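Enquirer: Sharing a model that was predicted from the sequence below.
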Amino acid sequence: EGFLLSEDIDKNQVNGAWTYSLVQRFWVTALWKHPSVRQFDTIMRIDTDSCFVERGFDVEDLHLPGIRGRYIYRSNGPSTGVDVWIDGLYDFTVDYVEANKITPSHPELWERVKNMWIEEGTLPVFETNFEIFRVSFFQRRDVMLWHDALTEREPYGVMRNRWGDAQIRVLTMALFGTKDSVEDNVLMKEHQGYRHGKGICAEHFFASGNSHSA
């Protein structure tokens, strides 16, 4: 409500700017409002060009990767992002923090965000091709209000500027996560069996299938 689509955006373009913005909106905001989510403690997201080719080392990773009780989020990162699709995102975040009197609950990560912006002009990212979410955290009122501000309120940054979920995840963890729920834990390491990239999974399982039939 109140959002007007820019005239230079073609809503019918497959995989265009509008489609991308809607996908980002889903993963930032809409998912946590869907009634089907209530039945789950955790949700896993995995891209169509991602797969697991072997088990992990940790007890939580013997089959699909897991997430232990106190952790709220799992992904690879944070790493240095590119300086595209972030126009205005950092300043918006700072203004939101000040207006809502938020004290970032993960100050080390928030400091990393600020330093990267000042020194490199970009923002850190999590790799969103694979994520595990603690539903109760992402449905917290303060977290959902923050996400709504990004997608459902002026300036509609996700919809107009294509602000990305990879940067938003880091900002969310910095503002509302804690160090012992996000960082410095065994679940943040790279899973030894995880593969990502166009054609990589198909190539692996095609080769594996041929070897079994030989």
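Expert: Noted; the coordinates are in hand. Quantities reported herein were computed from a predicted structural model and do not represent experimental measurements. Residues are numbered from 1 along each chain as shown.

Enquirer: which parts of the helix or strand that E111 is a member of are buried?
Expert: Using DSSP states H and E, E111 sits in helix 107-120. Using 16 or more other CB atoms under 10 Å as the test for burial, helix 107-120 gives 109-110, 112-114, 116-117. C-betas here are computed from N, CA, C, even on glycine.

Enquirer: what's next to it, contact-wise?
Expert: Helix 107-120 is contacted by residues 78, 80, 83, 90, 104, 122-124, 170-171, 173-175, 177, 179, 182-183 when judged by CB atoms under 8 Å, 6 or more residues apart in numbering.

Enquirer: Next secondary structure after it?
Expert: The helix or strand immediately downstream of helix 107-120 is strand 124-125, counting by DSSP H and E.

Enquirer: Report all helices and strands that that following strand contacts.
Expert: In terms of contacts (3 or more CB pairs under 8 Å, 6 or more residues apart in numbering; DSSP states H and E), strand 124-125 is packed against strand 79-80, helix 107-120, helix 165-176.

Enquirer: What lies in contact with it?
Expert: So strand 124-125 is in contact with 77-81, 112-113, 116, 164, 166-167, 169-170, going by CB under 8 Å, 6+ apart.

Enquirer: Just the buried ones from the residues you listed?
Expert: Buried by 16+ other CB under 10 Å: 77-78, 81, 112-113, 116, 164, 166-167, 169-170, out of the contacts of strand 124-125.

Enquirer: so which of those would you say is closest to K33?
Expert: Taking CB to CB as the measure, R169 is the one of the buried ones among the contacts of strand 124-125 closest to K33, at 17.6 Å.

Enquirer: Next, the contact list for the closest one, please.
Expert: Counted by CB under 8 Å, 6+ apart, R169 has contacts 73, 75, 125-126, 128, 131.

Enquirer: ok, it to K179 distance?
Expert: Distance, R169 to K179, using CB to CB, to the nearest Å: 16 Å.

Enquirer: and if you look at Q167?
Expert: Separation of Q167 from K179 (CB to CB): 19 Å.

Enquirer: quick one: low-confidence parts of this protein?
Expert: Filtered on pLDDT under 70, the chain yields the residue ranges 1-16, 63, 183-190, 208-214.

Enquirer: The residue nearest to L175 when sequence neighbours are not counted: neighbour count?
Expert: Using CB to CB, 6 or more residues apart in numbering and skipping residues adjacent in sequence, the residue nearest L175 is P104, 5.1 Å away. Per other CB atoms under 10 Å, the neighbour tally for P104 reads 19.

Enquirer: I'd say P104 and V94 touch.
Expert: No: using CB atoms under 8 Å, P104 makes no contact with V94, being 10.7 Å away.

Enquirer: Show me the helices in the chain, by range?
Expert: In the chain, the segments counted as helices under DSSP state H are 17-28, 89-99, 107-120, 135-138, 141-151, 157-161, 165-176, 179-182, 200-213.

Enquirer: so which of those helices gets nearest V37?
Expert: Across the helices of the chain, V37 has its closest neighbour in helix 135-138 (5.9 Å, CB to CB).

Enquirer: Now do the closest one: everything it contacts.
Expert: Against helix 135-138 from outside (CB under 8 Å, 6+ apart): 31-32, 37-38, 40-43, 72-73, 143-144, 176-177, 181.

Enquirer: Please repeat the previous calculation with a cut-off of 7 Å.
Expert: Here helix 135-138 makes contact (CB atoms under 7 Å, 6 or more residues apart in numbering) with 32, 37, 40-43, 72, 143.
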